[in-house]
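Sequence plus predicted model, see below.
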Amino acid sequence: QVQLVESGGGLVQAGDSLRLSCTVSGLNSYDMGWFRQAPGKEREFLAAITWRGGNTAYGDLVKGRFFISRDNAKNMVYLEMNNLKPEDTAIYYCAAHNLGSGSFYYASNYGVWGQGTQVTVSS
């Protein structure tokens, strides 16, 4: 069964750090990405990592603050988030990138999504 399950969200204060986890089941050799969606806004690309972990990509708004990693032996993908700001408040999703579909930046290029985990940053 193909399944992505995010965890690690919660309520934090501005300036705090948080690490999100994505447990991957039923998928092998997939590039993975993280997105977020705030109320009334479109889903936003955050980060992506190739399946061997050799290459990463980041959205401009989080570059230098967020870091993606993976542990294929544990079937896990992580998003380390530092210096969180109230505008980072959103539901965070991990997703599996469709093979050969091109850019990491577009949500339409991802075929499997988790249910999301809420991150709330208070000021």
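Received the coordinates, thanks. Numbering: from 1, shown residues only.

Can you show me the strands along the protein?
3-7, 10-13, 18-25, 32-37, 44-49, 56-58, 66-71, 76-81, 90-97, 110-113, 117-122 (DSSP state E).

I'd like those as a markdown table, with distance to residue 103 appended.
Backbone N, C-alpha and C define where each C-beta goes, glycine included. Listed next are the strands of the chain as a markdown table, based on distance: least, CB to CB, whole Å:
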| stretch | distance to residue 103 |
| --- | --- |
| strand 3-7 | 20 |
| strand 10-13 | 31 |
| strand 18-25 | 20 |
| strand 32-37 | 10 |
| strand 44-49 | 9 |
| strand 56-58 | 9 |
| strand 66-71 | 16 |
| strand 76-81 | 18 |
| strand 90-97 | 9 |
| strand 110-113 | 11 |
| strand 117-122 | 24 |
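
Surely residue 55 is in contact with residue 49?
Yes: Residue 55 is in contact with residue 49 according to CB atoms under 8 Å; the separation is 7.2 Å.

Among those two, which residue is more densely surrounded?
residue 49 (23 against 11; other CB atoms under 10 Å).

Please report the distance of the more buried one from residue 97.
As judged by CB to CB, to the nearest Å, residue 49 and residue 97 stand 9 Å apart.

and for those two, which residues touch both?
31-33 (CB atoms under 8 Å, 6 or more residues apart in numbering).

if we can go back for a sec, save the strands of the chain as a markdown table, and put in mean pLDDT too.
Output for the strands of the chain, formatted as a markdown table (pLDDT from 0 to 100):
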| stretch | mean pLDDT |
| --- | --- |
| strand 3-7 | 98 |
| strand 10-13 | 98 |
| strand 18-25 | 97 |
| strand 32-37 | 98 |
| strand 44-49 | 98 |
| strand 56-58 | 97 |
| strand 66-71 | 97 |
| strand 76-81 | 98 |
| strand 90-97 | 98 |
| strand 110-113 | 96 |
| strand 117-122 | 98 |
